[in-house]
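J.: with the sequence up front, the predicted model follows.
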Amino acid sequence: MTPIPSENGVDGDDEREEDDEKEEEPRLKYQRMGGSIPNLLSSDAASCIAVAERMISLGTVDGTIHILDFLGNQVKQFMAHTAAVNDLSFDVEGEYIGSCSEDGTVVINSLFTDEKVLKFEYHRPMKAIALDPGYSRKTSKRYVAGGLAGQLCFNSKKWLGYRDQVLHSGEGPIHAVKWRTSLIAWANDAGVKVYDVATDQIITFIERPRGSLHPELLLPHLVWQDDTLLVIGWGTFVKIASIRANEKKVVNGTYRHVPMSSLNQVDIVASFQTTYYISGIAPFGDSLVVLAYIPVEEDEEKGFSTAMSSRQGNAQRPEVHVVTWNNDELAKDTLPVHRFEQCKAKDYSLAHAPFSGSSYAGGQWAAGDEPLYYVVSPKDVVIAKPRDTEDHIAWLLEHGWHEKALEAVEAGQGRSELIDEVGSSYLDHLIVERKYGEAASLCPKLLRGSAPAWERWVFHFAHLRQLPVLIPYMPTENPRLRDTAYEAALVALATNMSFHKDLLSTVKSWPPVIYSALPVISAIDSQLNTSSMTDALKEALAELYVINGQYEKAFSLYADLMKPDIFDFIEKHDLHDAIREKVVQLMMLDCKCTVPLLIQNKDLISPPDVVSQLLNASNKCDSKYFLHLYLHALFEVNPHAGKDFHDMQIELYADYDLKMLLPFLRSSQHYTLEKAYDICVKKDLLREQVFILGRMGNTKRALAVIVNKLGDVEEAVEFVTMQHDDDLWEELIKQCLHKPEMVGVLLEHTVGNLDPLYIVNMVPNGLEIPRLRDRLVKIITDYRTETSLRHGCNDILKTDSVNLLVKYYKEARRALCFSKEEEARVKRGDGSGDSQAIWRTEGARAMEAKSKTRGDTRCCMCFDPFFIRDVAVAVFFCCHAYHMSCLMDSMHTVVSGKKGSGATSRMSDYDYDYDYDSNDVDDEENDSGVPRLRCILCTTAASLR
């Protein structure tokens, strides 16, 4: 089925033009029924329609009844009549269809069984028919029908067959009839009557509206909204009748409802007149849907007495009005049905889908059931139904209210997929309005996690050259877009100078893995050395170089930008080779960090390279100061590394660090003395001049500077003392003789260097020397002090000599023991402290060699060579050597009194060391009581003396 647009108003109607300006949303939407309908109506014309819960029945002018599904596809077909079908009626179950025709017949067909078709002849055109709602369930098979004969025939099945009962006659043709529960309502020329089948009586009569058109020209329309509410549309009048129950009061004062058969009270609850002709009417909740026919001026002038104008093709489109019971118009739509120009008011009809549950639905559709209305014209069938949320949203979009449409979708109305459609439409609208910033800000909410949608809009913004406004909202994950989308965004920022700062922040914030840096680098490279190359763009390019692993290029840009963290960057990526060309920039950034860096890497970047760059630096920086810092640090590390620049360094010290100049002059051997002297003279640096003159050998001139310019006699004395030149003393005295104060100072400081009497004798007679007496006293005192110090030093020297001689003597009296056992103990480290002390000294090893070369290596007791017997050997510094056993035997008598008798004594019982602090050299025992070994020969010789 094809949806058809509704048209509000027609040309030339001022009133409807004002309604258009209000832009009220319609209540219904329309679509033309497809399926088999176009083919059926191409050669025939529709005359009436009936709707059941499961199907639709369409009657045509040639007498055919078509059973259709809700899509318009034909299910069945009955050739029931030979003339136009005027009315159709389903039972509640939708199992039977009744029809009446201009040929005077009534036909009832079973839709699901093979029952015999019932056909009844009335010989006059039949205009209306209504089947008993319970036709399929009851055996009576009742229906009611009427026509031009003016009789309302009630037909039912009796014992002997079907019999007709005339319920009413004599008031003109029957134009419409509707059956609900036990109530039958019909309309004739006089008005509308309601008949109660249960009581077999007419319970009410509603008079035909005065001034209404004759039913032959404009048929009346009856609709049961529920069991007690009847809606009547006749001409231009609408009436709503409520049929209510009588109430009887009982003894206890309460009311009780009487059975349906006692319904006899009818109230007109609503009544109003329209400005259009009513071609159909149906309930719409608490409102009404009215199919309106708009008469042309010619019809109004003739009182609608004829329909020739419509036949001539002057009719207007039919309209659908939604009105309240007070005739307040809620909506109005114009339907462009096929061949509307040739249609009369009675050619149209309106039917609605039955309420769920039939008579028990209370005039409303059940939840989940969709209210449907069918507008029938001779050549068309249009379906109308209430607009849903999606229709509401579509209408908002159509009228440019995208924000309201978005709010409706976000409120949970309609399908979840609808937000994509609404979002796309909203963005399109904003783009058309050139509200690019607003469109970009809405993208995260509208596009959500759809990567294809994001990519489509990214490239769309790029095409419009508005991509920079979208970049802050682009997602980097969930979803993650293709790398080309991110690259296009970065290139867009790079090519626009006003967005270079945004490019920098974006490069820093986006994860490097989502894009390739090469396309962006290529886009920026083309701007190098141009006016569009800003600092922000340089830094962004440096960040891209880092991402791409080109650290040296990044370093070069960071150096130009004077980034404070560049030194950490150098260490992190080991870029010491790269600093070769960026010395000046690094110095300007942080000379305290740069100088140590250059010193540490002097093998990579030589001092001449550094000096050359600093000398060629622009005037924007204090290159000479940087040069001083570098050369000074270099000199402290290696005095010879920058020897080629020591001449330059002298001037730098003179300008920036004067106190370091003299130490430099004293330490360096690589500067030119003449140049250094010229600089010092130019800067009037006197002490430095003195030093240089002294190094040049011009000591007299240096002394003259000290005396005449500095006036510092103490320094002059120190200078002359260092020179060790007697002639220079003469020169100093000569230059000071004419200055009394200097003579006095000279007298004070020459003690120890020059005889003060010599100076006094050279002083001219009559020269008044300030404080001469005090100074002479000081000279004498200093001389005495000096003499006393010299005597004291001599005494100390003598005492030290005696002590050292005694120490040597004691050392010479010690014995050295040679044995395999002792050697093993010393190697293991578990020997006694005495033996360790013996083997610890180099002197003991020397004595060992000496003892082996003297004494013919024989024992002085037994005279056997030492190599014959495998025993320990004791050697003394007097060059006597003994077998240990021989020595022990000789000393046995000496120690027997202390140790007792025994065959032999172990070596550990004797002390080989010497107590250096002992005052008694002749003690035979040490502090521990262990006897010392003594040379027998020397001891005996001493005792004999």
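T.: Cool, the structure landed. Numbering: from 1, shown residues only.

J.: just the CA coordinates for the longest strand seen in the chain, please, in PDB.
T.: For the chain, the strand reaching the highest residue count under DSSP state E is reported as strand 263-273. C-alpha atoms of strand 263-273 as PDB (Å, rounded to 0.1, in the frame of the first residue of the first chain):
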ATOM      1  CA  LEU A 263     -34.100   0.400  27.700                       C
ATOM      2  CA  ASN A 264     -36.400   3.100  26.600                       C
ATOM      3  CA  GLN A 265     -34.700   6.400  27.600                       C
ATOM      4  CA  VAL A 266     -32.800   8.200  24.800                       C
ATOM      5  CA  ASP A 267     -30.800  11.400  25.300                       C
ATOM      6  CA  ILE A 268     -29.200  13.500  22.600                       C
ATOM      7  CA  VAL A 269     -25.800  14.100  24.300                       C
ATOM      8  CA  ALA A 270     -24.300  16.100  21.400                       C
ATOM      9  CA  SER A 271     -25.500  17.900  18.400                       C
ATOM     10  CA  PHE A 272     -23.800  20.300  16.000                       C
ATOM     11  CA  GLN A 273     -23.900  21.400  12.400                       C
END
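
J.: just give the closest residue to Ser441, not the sequence neighbours.
T.: Closest residue to Ser441 apart from its sequence neighbours, by CB to CB, 6 or more residues apart in numbering: Tyr473 at 6.5 Å. The C-beta positions use only the backbone N, C-alpha and C, and glycine is treated the same way.

J.: and the one you found, what is it in contact with?
T.: Going by CB atoms under 8 Å, 6 or more residues apart in numbering, Tyr473 touches Ala440, Ser441, Cys443, Pro444.

J.: what is the helix or strand harbouring Phe569 packed up against?
T.: Taking DSSP states H and E as the definition, Phe569 sits inside helix 566-573. For helix 566-573, the packing partners by 3 or more CB pairs under 8 Å, 6 or more residues apart in numbering; DSSP states H and E come out as helix 551-561, helix 583-589, helix 591-600.

J.: got those as a markdown table, with distance to Glu543, mean pLDDT and mean neighbour count columns?
T.: Formatted as a markdown table, the helices and strands packed on helix 566-573 follow (distance: least, CB to CB, whole Å; pLDDT from 0 to 100; neighbours: other CB atoms under 10 Å):
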| stretch | distance to Glu543 | mean pLDDT | mean neighbour count |
| --- | --- | --- | --- |
| helix 551-561 | 8 | 90 | 19 |
| helix 583-589 | 18 | 88 | 21 |
| helix 591-600 | 22 | 90 | 17 |
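
J.: ok, now which ones touch Trp234?
T.: Taking CB under 8 Å, 6+ apart, we find Trp234 in contact with Ala187, Arg208, Pro209, Ser212, Leu218, Pro220, His221, Ile278.

J.: and the pLDDT for it?
T.: Trp234 is assigned a pLDDT of 89 by the prediction.

J.: show me the beta-bridge partners of it.
T.: Phe237 (DSSP bridges).

J.: what about stretch 273-291, average pLDDT?
T.: What stretch 273-291 shows for mean pLDDT is 90.

J.: list the buried residues in that stretch.
T.: 274, 276-284, 287-291 (16 or more other CB atoms under 10 Å).

J.: and of these, the nearest to Ile514?
T.: Phe284 (55.8 Å; CB to CB).

J.: rewinding a little: neighbour-wise, which one of the contacts of Tyr473 leads?
T.: Neighbour counts for the contacts of Tyr473 peak at Ala440, which has 22 neighbours (criterion: other CB atoms under 10 Å).

J.: got a list of what that one touches?
T.: Neighbours of Ala440 in contact, by CB under 8 Å, 6+ apart: Phe461, Gln466, Val469, Leu470, Pro472, Tyr473.

J.: tell me the secondary structure at the fifth one.
T.: Following DSSP: H, G, I helix; E, B strand; the rest coil, we place Pro472 in the helix state.

J.: can you get me a residue count around it?
T.: Pro472, neighbours per other CB under 10 Å, totals 13.

J.: do a quick rundown of the helices in the stretch 701-850 of the chain.
T.: Applying DSSP state H, counting those that start in this stretch to the stretch 701-850 of the chain gives helices spanning 713-723, 726-736, 740-749, 756-762, 772-812, 820-828, 833-840, 842-853.

J.: least confident of the ones you listed, on average?
T.: Lowest mean pLDDT within those: helix 833-840, at a mean of 43.

J.: that older thread, in TSV: the contacts of Ala440, plus pLDDT.
T.: Formatted as TSV, the contacts of Ala440 follow (pLDDT from 0 to 100):
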residue	pLDDT
Phe461	92
Gln466	91
Val469	93
Leu470	92
Pro472	92
Tyr473	92
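
J.: just name the closest of these to Leu658, please.
T.: Using CB to CB, those come closest to Leu658 at Pro472, 57.8 Å.

J.: how about the closest one, what does it touch?
T.: Listed by CB under 8 Å, 6+ apart, the contact set of Pro472 reads Ala440, Asp502.

J.: gap between it and Ser441?
T.: Going from Pro472 to Ser441 by CB to CB, to the nearest Å gives 9 Å.

J.: first to last residue in stretch 522-535, what's the distance?
T.: Taking CA to CA, to the nearest Å, stretch 522-535 runs 17 Å from one end to the other.

J.: check stretch 278-296 too.
T.: Start-to-end, stretch 278-296 (CA to CA) is 14 Å.

J.: where does that stretch sit relative to the chain's centre, distance-wise?
T.: Put simply, stretch 278-296 sits 59 Å off its chain's centre (CA atoms, centre = their mean, to the nearest Å).

J.: and if you look at stretch 468-484?
T.: For stretch 468-484, the distance to the chain centre is 10 Å (CA atoms, centre = their mean).

J.: repeat that for stretch 583-598.
T.: 36 Å.

J.: ok, now stretch 499-517?
T.: 12 Å.

J.: over to stretch 517-532?
T.: 26 Å.

J.: residues contacting that stretch, please?
T.: Contact partners of stretch 517-532, identified using CB under 8 Å, 6+ apart, comprise 487, 490-491, 494-495, 497, 533, 537, 540-541, 544-545, 547-548.
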